[in-house]
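Novice: give me coordinates for this.
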Amino acid sequence: MSGQWLGHALRRTRWRPRREAVALATLGLVVGIIIGALYLAQAASTSTLGRQLESLIVVRNQMEQENERLRGEIANLQSVPRLLARAQELGFTLAGRAQIEYLVIEGYNPNRNQIVTQTESARAPALPVYDESFSGWLQQQFDRLSGQFESFTSQGAATE
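Specialist: Below is the predicted model of the structure:
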């Protein structure tokens, strides 16, 4: 009986390595399929974004061309001959010497040197220089506290 048991045990062990190999191969195949699916999803997403980017670049180029066309049109409308023609259409004419009126202002000398006047802020006194340190500030706060303490004790002594 013990011989049959050993033979039976040996027969079972022959299949275990094959089962493990099949299980590992199946697991590898499943992992490979999952990785492949993730790669395909990422590639599809990247290509979709690439197509969207290309279409946005085309739209940007069209807008730049339209802006340049409009700039050219504006420059054409602002040209001097165009403005002179439009002014004549509106009834304006070139002024001759007889039509120009000059105003004479007494005391005005166009050839004088320019004088700069000082404003109110320029006449304001200069601000003091900030030279306070942390230790100086701390000493000032301590002096104020001790002054308050002295006035408090002197008031307390006067009320008694």
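Novice: so for Val104, what's the pLDDT?
Specialist: pLDDT, Val104: 86.
Novice: now Val58: how far from Arg51?
Specialist: The gap separating Val58 from Arg51 is 11 Å, by CB to CB, to the nearest Å. Glycine gets a C-beta too; all of them are placed from N, C-alpha and C.
Novice: apologies, that question was intended for Asp143.
Specialist: In this view, Asp143 and Arg51 are 75 Å apart by CB to CB.
Novice: got it, and Gln139?
Specialist: 72 Å.
Novice: where does the chain have low pLDDT?
Specialist: Residues of the chain meeting the criterion pLDDT under 70: 1-3, 5-17, 116, 118-124, 156-160.
Novice: host element of the residue nearest the centre of it?
Specialist: What sits nearest the mean C-alpha location of the chain, by CA atoms, centre = their mean, is Arg60, with 20.9 Å. Taking DSSP states H and E as the criterion, Arg60 maps to helix 2-77.
Novice: for that helix, the distance to its chain's centre please.
Specialist: Computed by CA atoms, centre = their mean, to the nearest Å, the chain-centroid distance of helix 2-77 equals 34 Å.
Novice: just stretch 94-113 next, same as before
Specialist: 52 Å.
Novice: need the CA coordinates for it. PDB is fine.
Specialist: The C-alpha atoms that make up stretch 94-113 are tabulated as PDB, following Å, rounded to 0.1, in the frame of the first residue of the first chain:
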ATOM      1  CA  LEU A  94      -7.500 124.100 -47.300                       C
ATOM      2  CA  ALA A  95      -7.100 127.300 -45.400                       C
ATOM      3  CA  GLY A  96      -5.200 130.100 -47.100                       C
ATOM      4  CA  ARG A  97      -3.200 132.800 -45.400                       C
ATOM      5  CA  ALA A  98      -6.100 135.200 -45.400                       C
ATOM      6  CA  GLN A  99      -8.300 132.700 -43.600                       C
ATOM      7  CA  ILE A 100      -6.000 132.000 -40.700                       C
ATOM      8  CA  GLU A 101      -6.500 134.000 -37.600                       C
ATOM      9  CA  TYR A 102      -3.600 134.500 -35.200                       C
ATOM     10  CA  LEU A 103      -4.300 135.300 -31.500                       C
ATOM     11  CA  VAL A 104      -2.000 137.700 -29.800                       C
ATOM     12  CA  ILE A 105      -1.500 137.100 -26.100                       C
ATOM     13  CA  GLU A 106       0.100 139.800 -24.100                       C
ATOM     14  CA  GLY A 107       3.100 138.800 -22.000                       C
ATOM     15  CA  TYR A 108       3.700 135.600 -24.000                       C
ATOM     16  CA  ASN A 109       7.200 135.200 -25.300                       C
ATOM     17  CA  PRO A 110       7.600 132.000 -27.400                       C
ATOM     18  CA  ASN A 111      11.400 132.400 -27.300                       C
ATOM     19  CA  ARG A 112      11.800 132.400 -23.600                       C
ATOM     20  CA  ASN A 113      13.500 129.700 -21.600                       C
END
